[in-house]
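Q: Mind folding the following:
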Amino acid sequence: MRFVRTRAALGAFLGTGVLAVAGTAGAVVLPAGAAVAGTGVPERGAPIPNGQLFGVAATSASNAWAVGQNVVTGKTIILHWNGTAWTQVASPTLAGGSSLYAVAATSASNAWAVGGSDTPPGKTQILRWNGTTWKQVPSPTPKNGGALFGVSAVSADDAWAVGCAGNCFQGFGGIKTLILHWNGVAWKQVPSPSPGDGSALSSVTAVSADSAWAVGCTAFCFLSSAAPQTVILHWNGTT
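A: Numbering: from 1, shown residues only. Model (predicted):
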């Protein structure tokens with residue numbers, strides 16, 4: 001298992017539930033309302049052995065996405081809900097393994113998934129759904145590494161991704177907030193405040209071209225034993 005020590009803590013940092021189902025390889029697709037053996041909880045899902053999910057987004061009752069990673073193979077996981085069942089969709093994985101932590105969708109033909117590589121010091125990963133396939137899109141990675149934990153899209157040419165700049169999973173020195181913006185052509189890094197010692201952003205939401213919010217913590221809270229403090233950043237259209 002990759003990053004055994006950090007994955008559970010990362011789930012808490014991201015504020016998401018983590019689904020991990022043991023068993024044989026391959027996805028098992030269940031109809032709506034079926035139950036996963038041993039959980040006692042009705043699941044409208046597709047249990048994947050050794051899989052964990054970190055992010056989910058929906059545009060309608062028949063179009064939803066969930067993203068994560070297979071902790072044994074190190075490959076990304078993307079599931080799609082079509083209104084009847086969840087099925088796994090092919091998704092690129094970075095060399096050495098990578099995980100997807102968040103997903104955002106604006107329509108049936110436009111969605112983003114973000115994450116990072118498993119190989120220190122880390123490399124950002126951004127995938128885009130074009131209505132047919134998920135394709136990897138070039139994304140900036142700071143010289144000292146980085147990973148993305150949140151994404152939000154206003155339209156096809158306006159989206160935000162946030163996370164951590166630095167060796168996010170293996171150390172604390174030099175860790176800063178990381179914010180990327182999609183302008184319809186390319187993802188570019190945007191200067192962002194990084195208060196405290198080792199700040200990271202876990203989530204972002206945007207409502208218009210001149211209003212977006214990003215949240216996280218100082219002391220890189222999901223790895224550090226130091227007492228963290230909340231961080232909230234606001235985009236006003238300029239800074």
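Q: Check which helix or strand the residue nearest the centre of the chain maps to.
A: Centrality entry for the chain: nearest residue to the mean C-alpha point is Tyr101, 2.0 Å, by Cα atoms, centre = their mean. Using DSSP states H and E, Tyr101 falls within strand 98-107.
Q: ok, now how distant is the residue nearest to the centre of the chain from Thr87?
A: Separation of Tyr101 from Thr87 (Cβ to Cβ, to the nearest Å): 21 Å. Yep, even glycine has a C-beta here, placed from its N, CA and C like the rest.
Q: Could you do Gly184 as well?
A: Applying Cβ to Cβ, the value for Gly184 to Thr87 is 30 Å.
Q: Which strand or helix spans Ala64?
A: Ala64 belongs to strand 63-70, assigned by DSSP H and E.
Q: For that strand, list every residue counted as buried.
A: Asn63, Ala64, Trp65, Ala66, Val67, Gly68, Gln69, Asn70 (16 or more other Cβ atoms under 10 Å).
Q: Out of those, flag the one nearest to Lys123.
A: For the buried residues of strand 63-70, the closest approach to Lys123 (Cβ to Cβ) belongs to Gln69, at 14.6 Å.
Q: The closest one pairs with what?
A: Taking DSSP bridges as the rule, Gln69 bridges to Gln52, Thr76.
Q: Run through the helices of this protein in chain order.
A: Chain-ordered helices for the chain, with DSSP state H as the definition, fall at 4-14.
Q: Now for it, the helix or strand with the poorest mean pLDDT.
A: Every helix and strand in the chain was compared by mean pLDDT, DSSP states H and E; the lowest is helix 4-14, with a mean of 52.
Q: The strand holding Tyr101 - contacts with which helices or strands?
A: helix 4-14, strand 51-60, strand 63-70, strand 76-81, strand 110-117, strand 124-129, strand 146-155, strand 158-165 (3 or more Cβ pairs under 8 Å, 6 or more residues apart in numbering; DSSP states H and E).
Q: shouldn't the residue nearest to the centre of the chain be in contact with Phe54?
A: Yes. Proximity of Tyr101 to Phe54 meets the contact threshold set by Cβ atoms under 8 Å, at 4.5 Å.
Q: Flag the shaky bits of the protein, pLDDT-wise.
A: Counting by pLDDT under 70, the chain shows low-confidence ranges at 1-46, 170-173, 219-226.
Q: let's see it at 80
A: Scanning the chain for pLDDT under 80 picks out the ranges 1-47, 169-174, 196-197, 219-227.
Q: how near is the nearest residue to Thr133 once chain neighbours are set aside to Val162?
A: Excluding its sequence neighbours, the residue lying closest to Thr133 (Cβ to Cβ, 6 or more residues apart in numbering) is Ala90, at 7.1 Å. If you measure Ala90 against Val162 using Cβ to Cβ, the figure is 26 Å.
Q: Look at the two and report which has more neighbours.
A: Summary of the neighbour comparison: Ala90 and Val162, criterion other Cβ atoms under 10 Å, with Val162 having more neighbours (28 against 8).
Q: picking up where we left off before, mind listing what the residue nearest to Thr133 touches?
A: If a contact means Cβ atoms under 8 Å, 6 or more residues apart in numbering, then Ala90 has Ile78, Thr133, Trp134 as its contacts.
Q: burial of the closest residue to Thr239 other than its chain neighbours, as a residue count?
A: The shortest distance from Thr239 to any non-neighbouring residue, by Cβ to Cβ, 6+ apart, is to Pro191 (7.4 Å). Other residues within reach of Pro191 by the criterion other Cβ under 10 Å amount to 8.
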